[in-house]
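# the amino acid sequence is not available; the structure is as follows:
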Ligand SMILES: Nc1ncnc2c1ncn2[C@@H]1O[C@H](COP(=O)(O)OP(=O)(O)OP(=O)(O)O)[C@@H](O)[C@H]1O
């Protein structure tokens, strides 16, 4: 693979085998994926098909067994400052204030935090004035808003989201999806979202990639045609419902290593 000058994210031949005491687990096999700058893609697939393994590899948190990942001209073999990540849990350190949590990645990199950018983002996500609160004083949705700010504070090129709203109630989750779309329209980051909610995947993305069961491969890509900005009412339309059902049907027909119970609406 030739690295590119623009910030295209390229995954080529990504293969990952976990060696365990009970034998080898082939999580990914020859995954190819190209994400152009500013694109928003979702990755869905049967439970255990390797979505998290793929995302963590792109984050530089997992070493591939073979294959390569590049962001523009940089090979990704360990965490890279241009790649930010959000997890299912907000993972805020309970003994630090919200602001101190957001500043932590800067401290780890021995950089001065961009205080003005952090303030602007806190306001943007509705947490203006909450910077000095402790995490326990915030609701789950507010904590995830803080983790969005933490991920975006250093102005990454790529934002990786690993089932970020899975632990939230349906109403808060809808609100967060709207917020994510708004922030994406404003910032045009490259975003890769992993989710068990097909509706969330379709609502947010330009393209939905469907992975096959383990060892995970990209089985199919579906273009999402809905214009932006998208209103939550979109989810009530027949076109949306039909597209979600088509993708669900496709996933259910991927043989799964585990029951497909994790496929949610
Ligand atoms: N650290 C590890 N050691 C051994 N096996 C692992 C490890 N991490 C993941 N696996 C296995 O690799 C496969 C892929 O796991 P992964 O978590 O990437 O899938 P997933 O698609 O994100 O799953 P889910 O949809 O259930 O969250 C699974 O069979 C899982 O049990």
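On my side now, so go ahead. Quick caveat, the model's predicted, so the values are computed rather than measured. Residues are numbered from 1 along each chain as shown.

# contacts only, for residue 212.
Shown in contact with residue 212 (CB atoms under 8 Å, 6 or more residues apart in numbering): 45, 46, 49, 218, 219, 254, 255. The way it works is simple: take the backbone N, C-alpha and C, and place the C-beta from them, glycine included.

# per-residue pLDDT, it?
Looking at residue 212, its pLDDT reads 92.

# point out where the stretch 151-265 of the chain drops to low pLDDT.
Across the stretch 151-265 of the chain, the ranges flagged by pLDDT under 70 are 255-265.

# for it, what spans make up the strands?
For the stretch 151-265 of the chain, applying DSSP state E, counting those that start in this stretch gives strands covering 158-162, 190-194, 207-211, 218-223.

# got TSV for the ones you listed, with distance to the ligand and mean neighbour count too?
Shown next, in TSV, are the strands of the stretch 151-265 of the chain (distance: least, CB to the nearest ligand atom, whole Å; neighbours: other CB atoms under 10 Å):
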stretch	distance to the ligand	mean neighbour count
strand 158-162	8	23
strand 190-194	7	25
strand 207-211	7	22
strand 218-223	13	14
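
# just the element for residue 105, please.
Using DSSP states H and E, residue 105 maps to helix 98-108.

# helix 98-108 and the very next helix or strand once past that helix, what's the angle between them?
Where DSSP H and E defines the elements, the next helix or strand beyond helix 98-108 is helix 115-124. Orientation of helix 115-124 against helix 98-108 (axes from the mean of the first three to the mean of the last three CA atoms, to 10 degrees) gives an angle of 140 degrees.

# list the buried residues of helix 115-124.
For helix 115-124, the neighbour count (16 or more other CB atoms under 10 Å) marks 118, 121, 122, 124 as buried.

# just give me how far it sits from the chain centre.
The gap between where helix 115-124 is centred and where its chain is centred comes out at 21 Å by CA atoms, centre = their mean, to the nearest Å.

# from residue 91, how far off is the residue nearest to residue 134 when sequence neighbours are not counted?
Residue nearest to residue 134 in three dimensions, not counting chain neighbours: residue 97, with 6.1 Å by CB to CB, 6 or more residues apart in numbering. Applying CB to CB, to the nearest Å, the value for residue 97 to residue 91 is 15 Å.

# show me which pair in the contacts of residue 212 is furthest apart.
Taking CB to CB as the measure, the contacts of residue 212 span a maximum distance of 15.6 Å, between 218 and 255.

# show me where the stretch 1-150 of the chain has its strands.
Under DSSP E, counting those that start in this stretch, the stretch 1-150 of the chain gives strands at 9-20, 23-35, 40-44, 66-71, 74-75, 83-86.

# flag every residue of the chain that's near the ligand.
With the criterion set to CB under 6 Å from any ligand atom, the chain comes near the ligand through 18, 20, 25, 27, 45, 47-53, 214, 257, 262.

# from these, which would you call buried?
25, 27, 45, 47, 48, 49, 50, 51, 52, 53, 214.

# quick one: which of residue 97 and residue 91 has more around it?
Taking neighbours as other CB atoms under 10 Å, residue 97 and residue 91 compare with residue 97 leading, 18 against 13.

# distance of the more buried one relative to the ligand?
The spacing between residue 97 and the ligand, counted by CB to the nearest ligand atom, to the nearest Å, is 31 Å.

# list the residues that contact that residue.
For residue 97, the contacting residues are 131, 132, 133, 134, by CB under 8 Å, 6+ apart.
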